[in-house]
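K.L.:
What shape does this take:
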Amino acid sequence: MARALYIHWPFCAKKCPYCDFNSHVRDAVDVAVWQKALICDMKYEAALAGGEPLTSIFFGGGTPSLMPPSLVGKLLQKAQQLWGFSEDIEITLEANPSSVEAANFADLASAGVNRVSLGIQSLQDDALQFLGRLHDVKEALQALETAQQSFNRLSFDLIYARPGQKEENWRSELSQALSFGTSHLSLYQLTIEPGTRFQTEVRLGNFSPLADDPAAELFAMTQEMTEAAGLPAYETSNHAKPGEESRHNLTYWKYEDYCGIGPGAHGRRQKQAQERHKRPEAYLKAVEDHGNGIKFQQDLSSGEQASEALLMGLRLTSGIDLGTLENRFVIQRDELLVPAKLELYESLGMIWRDDKRLGVTHKGRPLLDGLLAELVSDRLVSA
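P.N.:
Numbers count the residues shown, from 1 in each chain. Next comes the predicted model:
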């Protein structure tokens, strides 16, 4: 049964040029309409995937910190009525570090949010301008201080491997980030995603992404610095003090069931995949007509589930337990992975394995997506 709930708030003040998430800019948002729709969608999911208390809730976006705290409180109250909450439930909300949104942090904490993830993205003003952010460094640091006063658990995001970025530049920025003493950092290399404004800029020759080799060097330095500071990587881009890992994201990476509501939200429950309508207006119409926002859902074969579990689980630095995977999906090890590729990439020092577990090394992580495509057997999708 699903024990995690994802709630997507699709609205932003501005669309960032690197962002390919389901986010939309609207002149006005009818909060009452959205409260009714999200609660209706939540009721639908709880009827199918209830039975156990929730261990985590995650408000993602978009920019959830633009939600009125009263709406966040209403949604949490309804979730608790429908599912119940575990004693130590983790309730995370993504926030931008603007002064307007930071002013709501105390009220969001009172509404039940106990962990915040701040989208700072850079500690340099010129980089923030390049990334299309609306805040500057001074405002970001003020929001960080406010968040530390309001929430017991705090994470923030930075984007590195920016065009032309030098090692000494990132070392200085990361050192400053580590000095703030937060228990979690999400450190993402800049990627040029299809359909974004940055993709157009690159195609027009306005800038060039950082080359693979210097990006890999920055990645290696990041692993060394965070580990030395007591925030080792537990996933390719996520670093935490032991015990401070994002429990909600671990639900995804461990391929456990979760419900997703709101525009564009995905879910995995009862061996089935679901996706909600992305466009806010289409989502509202679907909820009004059908009582849920689902655009499509499909049953997943054991092979498809095993493939997804591998692709997600190998992102974790702890790797995956192959025996557990075999038993869970009733699939032999040779059907899960390509033996010849395993031998090749182990000899190249890109993966590690023992009798029970398989994982990707520091050397292999900068090439993770391509590596996974090679290792995971394409026979799984038809299994």
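K.L.:
any idea of the pLDDT on Ala2?
P.N.:
What the model reports for Ala2 is a pLDDT of 60.
K.L.:
Over to Ala383?
P.N.:
Listed pLDDT for Ala383 reads 49.
K.L.:
For the remainder of this discussion, apply numbering that starts at 595.
P.N.:
Okay, using 595 as the starting number, the last item reads as Ala977.
K.L.:
Can you list the low-confidence ranges for the chain?
P.N.:
Where the chain drops to pLDDT under 70, the residues are 595-596, 644, 973-977.
K.L.:
By residue count, which helix of this structure is the longest?
P.N.:
Longest helix in the chain, counting residues (DSSP state H): helix 625-643.
K.L.:
Can you list the helices and strands that that helix packs against?
P.N.:
Counting contacts by 3 or more Cβ pairs under 8 Å, 6 or more residues apart in numbering; DSSP states H and E, helix 625-643 packs against strand 598-603, helix 663-676, strand 853-855, strand 860-863, helix 874-884. Where you see a C-beta, it was placed from the backbone N, CA and C, and this is true even at glycine.
K.L.:
Most tightly packed of these?
P.N.:
Mean neighbour counts were compared across the helices and strands packed on helix 625-643 using mean count of other Cβ atoms under 10 Å; the top stretch is strand 853-855, at a mean of 28.
K.L.:
right, and the helices and strands packed on helix 625-643 - which one's nearest Gly775?
P.N.:
helix 663-676 (26.0 Å; Cβ to Cβ).
K.L.:
tell me which residues in stretch 626-640 are buried?
P.N.:
Using 16 or more other Cβ atoms under 10 Å as the test for burial, stretch 626-640 gives Trp628, Gln629, Ala631, Leu632, Ile633, Cys634, Asp635, Met636, Lys637, Tyr638, Glu639, Ala640.
K.L.:
possible to save the residues you listed as a markdown table with distance to Leu952?
P.N.:
Listed next are these as a markdown table, based on distance: Cβ to Cβ, whole Å:
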| residue | distance to Leu952 |
| --- | --- |
| Trp628 | 43 |
| Gln629 | 45 |
| Ala631 | 42 |
| Leu632 | 39 |
| Ile633 | 42 |
| Cys634 | 42 |
| Asp635 | 37 |
| Met636 | 37 |
| Lys637 | 40 |
| Tyr638 | 37 |
| Glu639 | 33 |
| Ala640 | 36 |
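K.L.:
Could you single out the nearest of those to Pro663?
P.N.:
Gln629 (12.5 Å).
K.L.:
Show me what the longest strand seen in the chain is packed against.
P.N.:
Among the segments of the chain that qualify as a strand by DSSP state E, the longest is strand 679-689. Strand 679-689 is packed against strand 648-655, helix 663-676, strand 709-715, helix 841-847, with contacts defined by 3+ Cβ pairs under 8 Å, 6+ apart.
K.L.:
which outside residues touch the last one?
P.N.:
Looking back up the chat, that one is helix 841-847. With Cβ atoms under 8 Å, 6 or more residues apart in numbering as the contact definition, helix 841-847 has outside contacts at 597-598, 600, 649-652, 684, 686, 829, 832, 851-852, 906-907, 909-910.
K.L.:
do the third one as well
P.N.:
With contact meaning Cβ under 8 Å, 6+ apart, strand 709-715 is reached by 684-691, 699, 702, 721-722, 725, 727, 734, 737-738, 741, 744-753, 780, 840.
K.L.:
Only whichever of the residues you listed are buried, select them in ChimeraX.
P.N.:
Here is the ChimeraX selection string for the buried members of the contacts of strand 709-715, based on 16+ other Cβ under 10 Å:
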select :684,685,686,687,688,689,690,691,699,702,721,722,725,727,734,737,738,741,744,745,747,748,749,750,751,752,753,780,840
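K.L.:
Now, the contacts of strand 709-715 that are in helices?
P.N.:
Reading helices off the contacts of strand 709-715 with DSSP H, I get Phe699, Leu702, Ala721, Leu722, Ala734, Ala737, Leu738, Ala741, Ser744.
K.L.:
name the element the residue nearest to the third one when sequence neighbours are not counted belongs to?
P.N.:
Nearest residue to Ala721, sequence neighbours excluded (Cβ to Cβ, 6 or more residues apart in numbering): Arg756, at 6.0 Å. Taking DSSP states H and E as the definition, Arg756 sits outside all helices and strands.
K.L.:
Nearest residue to Leu752 in space, ignoring adjacent ones along the chain?
P.N.:
Leu781 is the one closest to Leu752 (Cβ to Cβ, 6+ apart), at 5.4 Å.
K.L.:
Now for the one you found: which residues touch it?
P.N.:
Asp751, Leu752, Tyr754, Leu768, Thr816, Thr820, Ser831, Asn832, His833.
K.L.:
who wins for neighbours among those?
P.N.:
His833 (27 neighbours; other Cβ atoms under 10 Å).
K.L.:
Can you tell me the SS state at it?
P.N.:
Put simply, His833 is strand when judged by DSSP: H, G, I helix; E, B strand; the rest coil.
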